[in-house]
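J.: predicted model, plus sequence, below.
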Amino acid sequence: MKPSKEPLLTVTEIHRRVAELAETLSSDFAGKEIVVIPVLKGGFHFASDLTRLLSLSLTLDFIRARSYRGERSKGTVEFLLLPTEPLTGKHVIVVEDILDTGRTTAAVLDRIQAENPESLSLCVLLDKPANREVDVSADYVGFQIDNHFVVGYGLDYNEHYRELPAVHILESG
Ligand code: 5GP
Ligand code: MG
């Protein structure tokens with residue numbers, strides 16, 4: 001398996017869209033105290049680029065979730081890292097790489113909601129609505145894509161290809 005030679009989303013397209021999202025978020029959250037929570041590992045490039053373009057005062061915390069996708073334990077989500085700062089009364093923006101079945105995201109949102117934030121918003125780079133199994137939708141979406149397995153810009157295949165600057169479809173061969 002290897003990344004497609006031509007990207008599905010080029011560096012230019014990604015950066016242009018990230019800048020648009022940053023502008024929208026900066027306007028929607030103007031004057032509010034926000035906490036940005038990237039979901040590791042996949043959300044790290046996206047969150048890094050996005051936060052550097054926000055004209056907001058913000059703090060960062062991190063969450064790391066691992067979802068089991070095998071038949072028997074399907075849907076089980078384990079947290080390997082949890083936010084350490086109090087989120088009560090804060091406007092929280094969760095930043096994720098991709099919304100697929102929705103299971104991981106739903107578990108992440110439930111976990112953060114338990115901390116009683118003032119508001120909780122979800123910003124994803126990629127949305128694959130065709131594959132949704134759980135009722136969860138993002139407030140801010142970079143790109144809707146068809147049901148491909150993609151790598152790059154944070155997204156991995158067996159932990160590889162996260163470092164690619166663009167998003168590619170994973171192809172056999
Ligand atoms: P969900 O729980 O929504 O099914 O899956 C979310 C997680 O599955 C993502 O955070 C990501 O780790 C992985 N995932 C889902 N679709 C893709 C994809 O197309 N490419 C990669 N690299 N990971 C994916
Ligand atoms: Mg993954």
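T.: Thanks, I have it. In this text, all values refer to a predicted model and were calculated from it rather than measured experimentally. Numbering: from 1, shown residues only. Ligands and ions are numbered 1, 2, ... in the order given.

J.: H15 reaches D49, doesn't it?
T.: Yes: counting by C-beta atoms under 8 Å, H15 sits close enough to D49 to count as a contact (7.0 Å). Backbone N, C-alpha and C define where each C-beta goes, glycine included.

J.: between those two, which is the more surrounded one?
T.: Neighbours were tallied for H15 and for D49 using other C-beta atoms under 10 Å; the higher tally belongs to D49 (18 against 13).

J.: which residues touch the closest residue to the more buried one other than its chain neighbours?
T.: Distances taken as C-beta to C-beta, 6 or more residues apart in numbering place V18 nearest to D49, at 5.0 Å, with adjacent residues excluded. When contacts are counted by C-beta atoms under 8 Å, 6 or more residues apart in numbering, V18 is found next to 46, 49-50, 53, 125, 142.

J.: phi, psi for N131 please.
T.: Dihedral pair for N131: phi -100, psi 10, per degrees, to the nearest 10.

J.: sheet-wise, list the partners of the lowest-mean-pLDDT helix or strand in the chain with their directions.
T.: Among the helices and strands of the chain, strand 63-67 carries the lowest confidence by mean pLDDT, DSSP states H and E, at a mean of 92. Take DSSP bridges as the rule and strand 63-67 pairs in its sheet with strand 34-40 (parallel), strand 77-81 (antiparallel).

J.: measure D127 to E118 for me?
T.: Relative to E118, D127 is positioned 25 Å away (criterion: C-beta to C-beta, to the nearest Å).

J.: what about those two, which has more around it?
T.: Neighbours per residue, other C-beta under 10 Å: of D127 and E118, the larger number sits with D127, 20 against 13.

J.: beta partners for that one?
T.: Checking D127 by DSSP bridges, which sets the bridge assignment, gives partners L99, Q144.

J.: what residue ranges in this protein score low on pLDDT?
T.: Along the chain, segments meeting pLDDT under 70 span 69-74.

J.: what strand or helix carries the residue nearest to D49?
T.: Using DSSP states H and E, V18 sits in helix 11-28.

J.: what angle do that helix and strand 34-40 make?
T.: Orientation of helix 11-28 against strand 34-40 (axes from the mean of the first three to the mean of the last three C-alpha atoms, to 10 degrees) gives an angle of 150 degrees.
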